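Asker: When you get a sec, could you give me coordinates for this:
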Amino acid sequence: MWKPGQSGNPNGAPRLKKFLAKLERVIAQDDGKGLRDAADKVYKLAAEGEEWAIQFLADRLDGKPTQQLDMRVTRPTKELTDDELVSIAAGSGEGIAPAPSSEETPPQLH
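Answerer: Numbers count the residues shown, from 1 in each chain. Reported below is the predicted structural model:
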């Protein structure tokens, strides 16, 4: 447990990955020419219609789109009673609500 005033990261910033460190060194050594050449190549491929290059540039320029989650319930549900909730919380049940009877199931699900 951290004491008041103690850093949440006592070992300092995380070390750079070896590949990233090497890549930064190579870029600095050639004054960034190789990086510019690579960027030019991706740009030209995108201009020629190469789909992965277009997507790559879009992701870098606009950021990757956020993922949307579909949270629709795929099975019929019913309101749980207080007693059922207490039973589930106490661990004395199976941990799931009982399946609704066929009368409670909407007609499109039959």
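
Asker: Going by C-alpha atoms from here, please, whenever you check contacts or count neighbours.
Answerer: Will do.

Asker: mind saving the C-alpha coords of stretch 53-62 as CSV?
Answerer: Only the C-alpha atoms of stretch 53-62 are listed here, as CSV (Å, rounded to 0.1, in the frame of the first residue of the first chain):
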residue,chain,number,x,y,z
ALA,A,53,-2.1,1.9,-46.9
ILE,A,54,-5.3,4.0,-47.0
GLN,A,55,-6.5,2.5,-43.7
PHE,A,56,-3.0,3.0,-42.2
LEU,A,57,-3.0,6.7,-43.0
ALA,A,58,-6.6,7.1,-41.9
ASP,A,59,-5.8,5.5,-38.6
ARG,A,60,-2.8,7.7,-38.1
LEU,A,61,-4.5,11.0,-39.2
ASP,A,62,-7.9,10.5,-37.6
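
Asker: list the buried ones in it?
Answerer: Using 16 or more other Cα atoms under 10 Å as the test for burial, stretch 53-62 gives 53, 54.

Asker: which element follows whichever helix in the chain runs longest toward the C-terminus?
Answerer: Criterion DSSP state H: the longest helix present in the chain is helix 33-47. Proceeding N to C from helix 33-47, the next assigned helix or strand is helix 51-62, under DSSP states H and E.

Asker: What would the very next helix or strand once past that next one look like as PDB? C-alpha coordinates only.
Answerer: Note on helix 51-62: by DSSP H and E, the next helix or strand toward the C-terminus is helix 82-90. What follows is helix 82-90, C-alpha atoms only, in PDB (Å, rounded to 0.1, in the frame of the first residue of the first chain):
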ATOM      1  CA  ASP A  82     -35.900  -9.100  -3.900                       C
ATOM      2  CA  ASP A  83     -35.800 -12.600  -2.500                       C
ATOM      3  CA  GLU A  84     -34.100 -13.900  -5.700                       C
ATOM      4  CA  LEU A  85     -31.500 -11.100  -5.600                       C
ATOM      5  CA  VAL A  86     -30.800 -11.900  -1.900                       C
ATOM      6  CA  SER A  87     -30.400 -15.600  -2.800                       C
ATOM      7  CA  ILE A  88     -28.000 -14.800  -5.700                       C
ATOM      8  CA  ALA A  89     -26.000 -12.400  -3.500                       C
ATOM      9  CA  ALA A  90     -25.800 -14.900  -0.700                       C
END
